[in-house]
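**Student:** no FASTA, just this:
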């Protein structure tokens, strides 16, 4: 299962809006999952081509004067086919830009 993790460290503690940029390319997945501190969201990337999409707001805690947000993105498959595990579809997941904005 393809995945990527983005980490923002050395940021002030507080609430952040996390936004992801979905590239404007063909063949994107219909089931990308984003997860981070106390949030999870499934996104149809093919429906958001060329757009910024806000994920749920996350809150960081101050740990020795340093806070961190880690966001993981992975492609989920719904279809299973016997012994082979996940069925592979003609889709790809876009590992795009992520930005954080302090609220």
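**Tutor:** Great, that's in hand. Keep in mind the model is a prediction, meaning the values are calculated, not measured. Residues are numbered from 1 along each chain as shown.
**Student:** Please name the strands paired to the worst-scoring helix or strand of the chain on mean pLDDT in the sheet, noting orientation.
**Tutor:** Sorting the helices and strands of the chain by mean pLDDT, DSSP states H and E puts strand 67-75 at the bottom, at a mean of 79. Its sheet considered, strand 67-75 pairs with strand 3-11 (antiparallel), strand 32-36 (antiparallel) by DSSP bridges.
**Student:** Run the chain-centre distance for the last one.
**Tutor:** This points to strand 32-36. Relative to the chain's own centre, strand 32-36 is displaced by 4 Å; criterion: Cα atoms, centre = their mean, to the nearest Å.
**Student:** Spit out the contact partners of the closest residue to residue 69 other than its chain neighbours.
**Tutor:** The shortest distance from residue 69 to any non-neighbouring residue, by Cβ to Cβ, 6 or more residues apart in numbering, is to residue 8 (4.7 Å). Placement of C-beta: from N, CA and C, glycine included. Applying Cβ atoms under 8 Å, 6 or more residues apart in numbering to residue 8 gives the contacts 68-70, 100.
**Student:** Of those residues, keep whichever come out buried.
**Tutor:** Neighbour counting by 16 or more other Cβ atoms under 10 Å classes 69, 100 among the contacts of residue 8 as buried.
**Student:** Looking at the contacts of residue 8, which is nearest residue 51?
**Tutor:** residue 100 (17.3 Å; Cβ to Cβ).
**Student:** Could you measure from the closest one over to residue 42?
**Tutor:** 20 Å (Cβ to Cβ, to the nearest Å).
**Student:** follow-up on the earlier one: save the contacts of residue 8 as CSV, and put in distance to residue 59 too.
**Tutor:** Output for those, formatted as CSV (distance: Cβ to Cβ, whole Å):
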residue, distance to residue 59
68, 12
69, 9
70, 13
100, 12
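**Student:** which one among the contacts of residue 8 gets closest to residue 53?
**Tutor:** The nearest one, if we look at these relative to residue 53 and count by Cβ to Cβ, is residue 100, at 13.6 Å.
**Student:** which intervals of this protein have sub-threshold pLDDT?
**Tutor:** For the chain, the stretches with pLDDT under 70 are 1-2, 62-65, 75-95.
**Student:** Nice, that's everything, thank you.
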